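Student: Kindly return the folded structure for what I paste below:
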Amino acid sequence: MVEVLITVVPFVGLWSLMWLSVHIGYGLYLLLAVPTAGFLVRLFMIQHDCGHGSLFRHRLMNDWLGRIIGVFTLTPYDFWRRTHAAHHASSGNLDRRGMGDVDTLTVNEYLSRSKWGRLRYRMYRHPLVMFGVGPTYLFFLQQRLPIGLMRSGWSPWLSTMATNVAIALAAAIMIRIMGLGPFLLVHLPVTLIGASLGVWLFYVQHQFEHTFWSRGKSWDLHEAALYGSSHYDLPSVLHWFTANIGLHHIHHLCSRIPFYRLPLALRQHPDLADVGRLTLGQSFACVRRVLWDEASGRLITFRELASRTNAGVSQGARTQINAL
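Tutor: I've put the predicted structure just below:
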């Protein structure tokens, strides 16, 4: 509960300071938007642990705290918990993509697509879409309906609609107190920044050069967990704000470890420190790695694929000339 309090209290305090700063003018409130969004990200990570049943001993405490936090993070808890469980169960499995993952094509799948299909994938993978438009669509629109679980009974619908009603009610109360303009000026930047940071973290956790993807019987749950999840070695302050989610390979190996004990698990198993390790600087290169090359077992860039294609064309031309 201490971890919840040291996250919620500063978040509410900073959010209130932003509201007071709106009346001062000069956009001063925006200076507080990033740290406030940082606490919102940490709230989401606490909700994430609730979904795994790892924050409290009792499931009901995990579930109800997760549902309450979902109003702030715009994330219907029960619906998200189900899709996230599917992600854990199928991460790195080329035969079971599509639920809770960043869409990833193999080289052959990309080459077999039409020009329009390739263009759509390139647009989807563009940083402005992935970390700008995408998070806005995900949190403001997609999560307002149980996309992907439309035929899975009433539970996803109940979770999503109840969260929507709670969000609308909370927003209506704040707008009544503050006014529409100040509410949007304060809450929109915080939510948009937090959403983009959250998507970035999820992206880096699995989209790095030597991640793990496999098919059929060659896919192994534990191998995918260890080698398909990164160790995002961030500065200490960022580890705190992200609730140690950077130790993602350990989290996937055992999702019941609460976030505040993940560093201890790493210290007790130092051999895991270099597995999938990415520094903050190295992580930015992950954005360009967009296609899984099954032959080399690594994610490659569009430029690498183009170089291979051009080299193949050149080699073919030389072969024809020599034949003449």
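Student: Could you tell me the phi and psi values at the nearest residue to Arg113 once chain neighbours are set aside?
Tutor: Leaving aside its chain neighbours, Arg113 sits nearest to Tyr121 (7.0 Å; criterion: CB to CB, 6 or more residues apart in numbering). Glycine gets a C-beta too; all of them are placed from N, C-alpha and C. Here is the backbone geometry of Tyr121 (degrees, to the nearest 10): phi -70, psi -40.
Student: Please name the residues that touch Tyr121.
Tutor: Asp103, Leu105, Tyr110, Arg113, Val290 (CB atoms under 8 Å, 6 or more residues apart in numbering).
Student: for the residues you listed, which one is nearest Leu192?
Tutor: Here the nearest of the contacts of Tyr121 to Leu192, counting by CB to CB, is Asp103; it sits at 21.8 Å.
Student: what about the residue nearest to that closest one when sequence neighbours are not counted, how many neighbours?
Tutor: Nearest residue to Asp103, sequence neighbours excluded (CB to CB, 6+ apart): Tyr124, at 6.4 Å. Around Tyr124 there are 15 other residues, counting by other CB atoms under 10 Å.
Student: Can you point out the buried residues in the longest helix seen in the chain?
Tutor: The longest helix of the chain (DSSP state H) is helix 180-206. For helix 180-206, burial by neighbour count (16 or more other CB atoms under 10 Å) applies to 182-183, 185-187, 189-206.
Student: now stretch 208-222
Tutor: Quick answer for stretch 208-222 (16+ other CB under 10 Å): Phe208, Glu209, Thr211, Phe212, Trp213, Ser214, Trp219.
Student: try stretch 17-24
Tutor: Judged by neighbour count (16+ other CB under 10 Å), stretch 17-24 contains these buried residues: Leu17, Met18, Trp19, Ser21, Val22.
Student: same deal with stretch 113-131?
Tutor: Neighbour-count burial for stretch 113-131 [16+ other CB under 10 Å]: Tyr121, Arg125, Met130, Phe131.
Student: show me the contacts for Pro189.
Tutor: Per CB under 8 Å, 6+ apart, neighbours of Pro189: Leu30, Ala33, Ala37.
Student: Go again with 7 Å.
Tutor: Leu30, Ala33 (CB atoms under 7 Å, 6 or more residues apart in numbering).
Student: thinking again about what came up before, the residue nearest to Asp103 and Thr301: what is the separation?
Tutor: Remark: distance between Tyr124 and Thr301 (CB to CB, to the nearest Å) = 15 Å.
Student: same deal with Val4?
Tutor: Look at Val4 and Thr301: by CB to CB, they are 41 Å apart.
Student: What's opposite Asn93 in the beta bridge?
Tutor: Going by DSSP bridges, Asn93 is paired in beta bridges with Ser214.
Student: which residues does it contact?
Tutor: By CB under 7 Å, 6+ apart, the residues touching Asn93 are Ser214, Trp219, Ala224.
Student: For those, give me JSON lines that also has pLDDT.
Tutor: Converted to JSON lines, those look like this (pLDDT from 0 to 100):
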{"residue": "Ser214", "pLDDT": "92"}
{"residue": "Trp219", "pLDDT": "91"}
{"residue": "Ala224", "pLDDT": "90"}
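Student: Using TSV, lay out these together with distance to Arg82.
Tutor: As requested, the contacts of Asn93 are exported to TSV (distance: CB to CB, whole Å):
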residue	distance to Arg82
Ser214	24
Trp219	21
Ala224	20
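Student: Tell me the one of those nearest His252?
Tutor: The closest of these to His252 turns out to be Ala224 (CB to CB; 7.7 Å).
Student: Spell out the residue ranges of the strands in the stretch 101-250 of the chain.
Tutor: Using DSSP state E, counting those that start in this stretch, the strands of the stretch 101-250 of the chain run over 105-106, 231-233.
Student: what's the spacing between the residue nearest the centre of the chain and Gly25?
Tutor: Geometric centre of the chain, nearest residue: Phe202, 2.6 Å, by CA atoms, centre = their mean. Shown here: Phe202 relative to Gly25, a distance of 36 Å by CB to CB.
Student: now swap in Ala172 and tell me
Tutor: From Ala172 over to Gly25 (counting by CB to CB), the distance is 26 Å.
Student: and these two? which has more neighbours close in?
Tutor: Set Ala172 next to Gly25 and count neighbours by other CB under 10 Å: Ala172 wins out with 11 against 8.
Student: So for Arg81, what's the nearest residue that isn't a sequence neighbour?
Tutor: Nearest non-adjacent residue to Arg81, counting by CB to CB, 6+ apart: Gly51, 4.1 Å away.
Student: swap in Leu192?
Tutor: Nearest to Leu192 is Thr136, by CB to CB, 6+ apart, at 6.4 Å.
Student: Got the confidence number for the one you found?
Tutor: On the pLDDT scale, Thr136 is placed at 91.
Student: go on, Met99?
Tutor: The model's pLDDT for Met99 equals 73.
Student: ok, the spatially closest residue to Trp200 that is not a sequence neighbour - contacts?
Tutor: Distances taken as CB to CB, 6+ apart put Phe131 closest to Trp200, at 5.7 Å, once the chain neighbours are dropped. Each residue near Phe131 by CB under 7 Å, 6+ apart is listed here: Ser196, Val199, Trp200.
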